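Enquirer: following is a predicted model, sequence given first.
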Amino acid sequence: MISCLAVSCLSWAQPPVPLSPEAAKELAAATAEDHRDMLRQLGITALRPGPSGRAGAPNQANYDESTANPFPDYPALLVLKNGKPVTTAKEWSEKRRPEIVEEFNREVLGRVPKNVPLVSWTVTQTVETTVGPHKAIAKELVGRVDNSIYPGIAVEIQLVLVTPAEANGPVPVMMMFGRAALPGARTGPPQAAGADPPAQQQLIASGWGYATITPASIQADNGAGLTKGIIGLVNKGQRRKPEDWGALRAWAWGASRGLDYLETDKTVNAKQVGIEGVSRYGKAALVTMAYDPRFAVVLVGSSGEGGAKPHRRNFGEAVENLTAANEYHWMAGNFLKYGAAEGSFGSRNAGDIPVDSHQLIALCAPRPTFISYGIPEKGDAKWLDQQGSYMATVAAGPVFRLLGATDLGTKESYQSARMPPVNTGLLDGQLAWRQHDGGHTDGPNWRFFIPWADQQLGRKPAVR
């Protein structure tokens, strides 16, 4: 049975239409001009080129651990800017945490404007379906942003919610960054022979629901789109200022608006909603969890630079890659200063950034936080710096402990911490780590994540 609860039933299952050569050229030109405009605003006359992930390139990325830590001391977690140590949970939540958030807002991720319009959610289609062998109910939704401040830009957030049909009450839900599509629509490559069932099937089988939210329906993944989407709408079609939010923060904002809807849906246990993403969306998942305390759990997949990887590490992708024209839109404009070779304020580098990834992870505490990576030899390149991300996860531990949670349990300092063997999970606490052998995906970690999350949330999984 299919019921449409709006005048028209939307479908987002179709693959995106590839750009023509002319359109791709126009997109690149518009992105380059927006990038140049931000450099002009900041007074930057030259950027350092980022390292290359191509073997043998003149500027090949560094993969030598002996030179990977030019800035070995990370910014303090539990020391206030006035030098006073933080020794209580209250001091963390009321004093130190706001200091860290402010520096991420100003220098790294950008500020969400105070006048962001409201979002109105509509269920456009409800479907009785199956996910693998399991019966489910799927709802297709659109979140329309009030664009009365600038009617020339429309933002419609695409979301699909799928819950077990035989649930006896509200269920926990994992929200995932990806292409929102009803079950049965192909949204990725075919499942490899012998691989675990898709995450969606594992979730439904365990009594969870899942929601998929389309990042591009919130904010485009390119610099040309910064005058459109939610960022462009709030700026009335004008270019960003240096402290304005980038795409990572915009995607996180959109996920929070999706959670607003889930809090109204009686099939969802809104106190047990998680967030997940891989690669750039792994970065967005970490940002979402850090900023919105309503999310109960996170799976951060292969997030790399701008995610769990420390900016201060000289290994694989670097700050200079994030400040280049193809990635700068993820960040605040101010972040470009840290890739500057020349400018009105001179040269700055990663060591000048006032915050780093261990602090972003710490902002998730004490909520369950699972950092996931693949191994370099199976496609998840060293470019992502798995070792550095492990160091950052260890470095975040003191805040988890201060707030009564359990960290990775290692006795090493983050400077000397070394990853456990591949396929060895550190899953005994609220802060968790696991590196699998399946490449640039978090697929092989779902069968470990789900029971870990069940345990952390104090729930018994469905038996199917």
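Expert: Good, I have the coordinates. Since the model is a prediction, treat every value here as computed from it, not as a measurement. Numbering: from 1, shown residues only.
Enquirer: ranges for the helices of the stretch 201-350 of the chain?
Expert: Using DSSP state H, counting those that start in this stretch, the helices of the stretch 201-350 of the chain run over 229-234, 247-262, 280-291, 319-322.
Enquirer: against which helices or strands is the third one packed?
Expert: Yep, that's helix 280-291 we're talking about. strand 171-177, helix 247-262, strand 268-278, strand 297-301, helix 357-362 (3 or more C-beta pairs under 8 Å, 6 or more residues apart in numbering; DSSP states H and E). For the C-beta atoms, the positions are set from N, CA and C on the backbone; glycine is no exception.
Enquirer: follow-up on the earlier one: so of the helices of the stretch 201-350 of the chain, which one's packed in deepest?
Expert: Of those, the one with the most neighbours on average (mean count of other C-beta atoms under 10 Å) is helix 280-291, at a mean of 28.
Enquirer: what ranges does this structure have for its strands?
Expert: Along the chain, the stretches classed as strands by DSSP state E are 2-3, 44-47, 119-131, 134-145, 156-164, 171-177, 209-213, 268-278, 297-301, 340-343, 369-373, 431-435.
Enquirer: quick revisit: Serialize the helices and strands packed on helix 280-291 to a markdown table and add fields for distance to T163 and mean pLDDT.
Expert: Converted to a markdown table, these look like this (distance: least, C-beta to C-beta, whole Å; pLDDT from 0 to 100):
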| stretch | distance to T163 | mean pLDDT |
| --- | --- | --- |
| strand 171-177 | 6 | 98 |
| helix 247-262 | 10 | 98 |
| strand 268-278 | 7 | 98 |
| strand 297-301 | 17 | 99 |
| helix 357-362 | 30 | 98 |
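Enquirer: once you drop chain neighbours, what's closest to A68?
Expert: Counting by C-beta to C-beta, 6 or more residues apart in numbering, A68 lies nearest to F315, which is 4.2 Å off, once chain neighbours are set aside.
Enquirer: my error: substitute A290 in the last question.
Expert: Nearest to A290 is L363, by C-beta to C-beta, 6+ apart, at 3.7 Å.
Enquirer: and that neighbour, how far is that from V287?
Expert: To V287, L363 is 9 Å away according to C-beta to C-beta, to the nearest Å.
Enquirer: do R294 as well
Expert: For R294, the distance to V287 (C-beta to C-beta) stands at 14 Å.
Enquirer: so P172 touches Q272, yeah?
Expert: Yes. The pair P172 and Q272 passes the contact test of C-beta atoms under 8 Å, sitting 3.6 Å apart.
Enquirer: what do those two both touch?
Expert: A296, L457, R459 (C-beta atoms under 8 Å, 6 or more residues apart in numbering).
Enquirer: closest to G397 among those residues?
Expert: Nearest to G397 among the shared contacts of P172 and Q272 is A296, at 19.9 Å by C-beta to C-beta.
Enquirer: returning to that earlier point: so for A453, which of the helices and strands packed on helix 280-291 sits nearest?
Expert: Shortest distance between A453 and the helices and strands packed on helix 280-291, using C-beta to C-beta, is found for strand 297-301: 5.0 Å.
Enquirer: quick one: buried residues of the closest one?
Expert: V297, V298, L299, V300, G301 (16 or more other C-beta atoms under 10 Å).
Enquirer: could you give the mean pLDDT of stretch 421-431?
Expert: The average pLDDT for stretch 421-431 rounds to 97.
Enquirer: and the closest residue to K337 other than its chain neighbours, how far from A57?
Expert: Excluding its sequence neighbours, the residue lying closest to K337 (C-beta to C-beta, 6+ apart) is R348, at 5.2 Å. According to C-beta to C-beta, R348 and A57 sit 24 Å apart.
Enquirer: these two - which one has more neighbours?
Expert: Shown here are R348 and A57; by other C-beta atoms under 10 Å, R348 has more neighbours (18 against 10).
Enquirer: before we move on, the earlier item: with respect to E102, which of the shared contacts of P172 and Q272 is nearest?
Expert: Comparing those against E102 with C-beta to C-beta places A296 closest, at 24.8 Å.
Enquirer: out of the helices and strands packed on helix 280-291, flag the one nearest Q200.
Expert: Q200 lies closest to strand 171-177 among the helices and strands packed on helix 280-291, at 8.3 Å (C-beta to C-beta).
Enquirer: report the angle between the closest one and helix 247-262.
Expert: 150 degrees (axes from the mean of the first three to the mean of the last three C-alpha atoms, to 10 degrees).
Enquirer: run the chain-centre distance for strand 171-177.
Expert: Taking the mean of its C-alpha atoms, strand 171-177 sits 14 Å from the chain's own mean (C-alpha atoms, centre = their mean, to the nearest Å).
Enquirer: the spatially closest residue to Q125 that is not a sequence neighbour and A185, how far apart?
Expert: Setting aside the residues directly before and after it, Q125 is nearest to E140 in space (C-beta to C-beta, 6+ apart), at 4.1 Å. With distances taken as C-beta to C-beta, E140 is found 11 Å from A185.
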